[in-house]
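Visitor: With the input below, show me the fold.
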Amino acid sequence: MSTTALGIPSFRSGTESVPAAEGPQTAKEFASDQEVRWCPGCGDYAVLKAVQSFLPDLGLRRENIVFVSGIGCSSRFPYYLDTYGMHSIHGRAPSIATGIATAREDLSVWVVTGDGDALSIGGNHLIHALRRNVNMTILLFNNRIYGLTKGQYSPTSEIGKITKSTPVGSLDHPFNPVSLALGAEASFVARTIDSDRKHLTSVLAAAAAHRGTSLVEIYQNCPIFNDGAFDAIKDPDTKDHAIIPLEHGKPITFGTRGADGHGDKGLTRGPASGIEVVDVAQTGLEALLVHDAHHPDPSTAFAISRLTDSGYLNRSPHRHLPPGRAAHLRRPRPPTGHRRPRHRRGQRHRPAHPAHQRRRHLDRRLSTSTRPARTPLHDLCDRAALRRRQGQGLRRRVPLSTASTRASGCCTSTPTSASTAAPVSRSVLRRRSSTRTTSRMS
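Guide: Numbers count the residues shown, from 1 in each chain. Predicted coordinates for the structure are as follows:
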C-alpha cells in the first residue's frame, strides 16, 4: 500500500475563504427578532451576548455565517442570531456541520451543542468531527446537567451527583471534554467560562482564526437544576487558585499574584513524565513549564487538562493513590445485576461504595413498603420462567389464569384466590386453539 499527496490547499486563517462584509457591522445587526427564552439567570444569555458582540469583529457577510445546533437548551442559539442556521437532530450537529463545511468552503460554520447532546448520544459524531478536522468551530456548553429534560445527570456530572435519574448518586465517571478532544487529536482545544466576557471573546477569536475544527468548552451555569456548579472559578476569593491560565510562550503559574504578575504556584514536569504543582518561591520561574500551544505532541496538554476538575485543583498528578498504583485508577463501577461473589474465609472484606450502600438501603425499604405481597401466582410464574431458561418447557398442567396474567404484565394483578383457577392441560389448550383456527377459516 502506498500514499499520495492529495493537493489540499493551505490557508493562513479559518475565515480566509469567506467573503468579507461590505462595511462595518454592529452587534444589533446579528440579533434576530425572536424573543430570547431561557430561564432567568441562565449562562446562555451571557454567551449569546458575547457571540453577538464578537461576530462584527470577524468582518464577514452575515449570509456566509451558519450556526448548527443539536437538541438542548443551548441549541436554541440559531433562532436568536440573524444568520443562517439549522436546529438539527439530537447529537448529529457535528455531522451536519461537517457536510456544510465540506460542500461550501465560503461559509463560516459554527456548531452549538451541550454536554449531554455532544458527549452522550453525539459522542461518536463529535470525536470523528475532531478527527476529520474540517473547517468549523464547535461551542460546547457544559453545565454538567440535562437542563431541557428537567435535571437528569449528564456525561460530565461528578460522581455521587444526586439528580432525578440518579436518586442515590451517580456512579459514572464523568468525561473531561478537553481531555477527550485532545485524545481524539483535535487541532484546537480551549476552555473558557460564560461570566468572563474578555476571555470568552479572545478564545472565540482564536477559534475562528484557526483553520480546522476548533472545540471551545464553555463552563455555563444552570441556575435551576445545577446552580453554583462553578462557584470555585467565579468566586474572587478562590478563582485564582482554581484556574490555571494558559498563555502561549509564558510560564504556567497560578494562585496569588505577586508584583511581577506571576502566581505563587506553578507547574513542572515530574520524574515520571507527569505534571506536578510546585511553589514558585522554591523552584524559581526557570524550572516551570512554558506553555507551547503549537506543540505537535499533545501529551503535555493532556496532562495539564487532568489537573483540574470543574475548578477544584488536584494537587497530586496521581490523584492521591497509594504508592505503587499510580497507573491503576480505581473507579466505582455500576452494578451489573449479578450477585457479588462471597469472600472466602480469611479474606478481608472490602466495604461497598457509599452509593451502593444507599441503593441497598433503598431496596430494603421498597421491599417492606411499596412492593406488593407475594402470592402463589408469583411462585408459579417464577417456576415457569426458570423451566424455560433451563430448556425443559412448561409442565403438563399450567393454570390458565397464569398465562393470561403474564400476557398482561407478569403478575401485576393479584388474584383473589389461588384455587379459583381450574388447571387446564396442554392438550386441552391445543384443542381449543385449533378449534378457534378452524372456525375462523370456515
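Visitor: Where do the helices of this protein begin and end?
Guide: 44-58, 93-103, 115-116, 123-132, 177-183, 197-209, 239-242, 280-283, 299-305, 354-368, 376-389, 400-407, 426-441 (DSSP state H).
Visitor: weakest of these by average pLDDT?
Guide: For these, the weakest mean pLDDT is recorded on helix 400-407, namely a mean of 35.
Visitor: Do me a favour and get the end-to-end distance for stretch 224-244?
Guide: 28 Å (C-alpha to C-alpha, to the nearest Å).
Visitor: Which positions within that stretch qualify as buried?
Guide: Using 16 or more other C-beta atoms under 10 Å as the test for burial, stretch 224-244 gives 224-226, 229-230, 232-234, 239-244. Bear in mind the C-beta positions are built from the backbone N, C-alpha and C, glycine included.
Visitor: Just name the closest of the residues you listed to Ser179, please.
Guide: Nearest to Ser179, judged by C-beta to C-beta, of the buried residues of stretch 224-244 is Ile244 at 14.2 Å.
Visitor: ok, the closest one to Val290 distance?
Guide: Distance of Ile244 to Val290, computed by C-beta to C-beta, to the nearest Å: 14 Å.
Visitor: do Asp82 as well
Guide: 42 Å.
Visitor: cool, Asp172 as well?
Guide: 36 Å.
Visitor: who has more neighbours, the two?
Guide: Asp172 (18 against 13; other C-beta atoms under 10 Å).
Visitor: Quick check on that one: phi, psi?
Guide: phi -80, psi 140 (degrees, to the nearest 10).
Visitor: so where's the stretch 151-300 of the chain uncertain?
Guide: Within the stretch 151-300 of the chain, the ranges that satisfy pLDDT under 70 run 272-273.
Visitor: that older thread, include distance to Gln52 when you put the buried residues of stretch 224-244 into CSV, please.
Guide: Formatted as CSV, these follow (distance: C-beta to C-beta, whole Å):
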residue, distance to Gln52
Ile224, 24
Phe225, 26
Asn226, 25
Ala229, 25
Phe230, 23
Ala232, 28
Ile233, 24
Lys234, 22
Lys239, 26
Asp240, 30
His241, 33
Ala242, 29
Ile243, 25
Ile244, 29
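Visitor: Looking at those residues, which are in strands?
Guide: Nothing among the buried residues of stretch 224-244 maps onto strands, per DSSP state E.
Visitor: Identify, from the residues you listed, the entry nearest to Leu182.
Guide: Ile244 (15.2 Å).
Visitor: Give the closest residue to the closest one in space, chain neighbours not counted.
Guide: Nearest residue to Ile244, sequence neighbours excluded (C-beta to C-beta, 6 or more residues apart in numbering): Phe254, at 4.7 Å.
Visitor: I'd say Ser120 and Pro155 touch.
Guide: Yes. Using C-beta atoms under 8 Å, Ser120 is in contact with Pro155, at 5.1 Å.
Visitor: residue contacts, Pro24?
Guide: Pro56 (C-beta atoms under 8 Å, 6 or more residues apart in numbering).
Visitor: what's the spacing between Leu204 and Leu55?
Guide: Distance from Leu204 to Leu55, by C-beta to C-beta: 9 Å.
Visitor: Please read the previous query as pertaining to Glu29.
Guide: 9 Å.
Visitor: So for these two, which sits in the more crowded spot?
Guide: More crowded of Glu29 and Leu55, by other C-beta under 10 Å: Leu55, with 25 against 14.
Visitor: That one and Lys28: what is the separation?
Guide: When Leu55 is compared with Lys28 (using C-beta to C-beta), they lie 11 Å apart.
Visitor: one step back: tell me the residues that contact both of Ile244 and Val290, please.
Guide: Contacts common to Ile244 and Val290, judged by C-beta under 8 Å, 6+ apart, are Ile252.
Visitor: His291: neighbour count?
Guide: Neighbours of His291 under the rule other C-beta under 10 Å: 19.
Visitor: contacting residues for the residue lying closest to it once chain neighbours are set aside?
Guide: Nearest non-adjacent residue to His291, counting by C-beta to C-beta, 6+ apart: Leu246, 4.9 Å away. Neighbour list for Leu246: 252, 291, 293, 304 [criterion: C-beta under 8 Å, 6+ apart].
Visitor: Likewise for Ala27?
Guide: 49, 52-53, 55-56.
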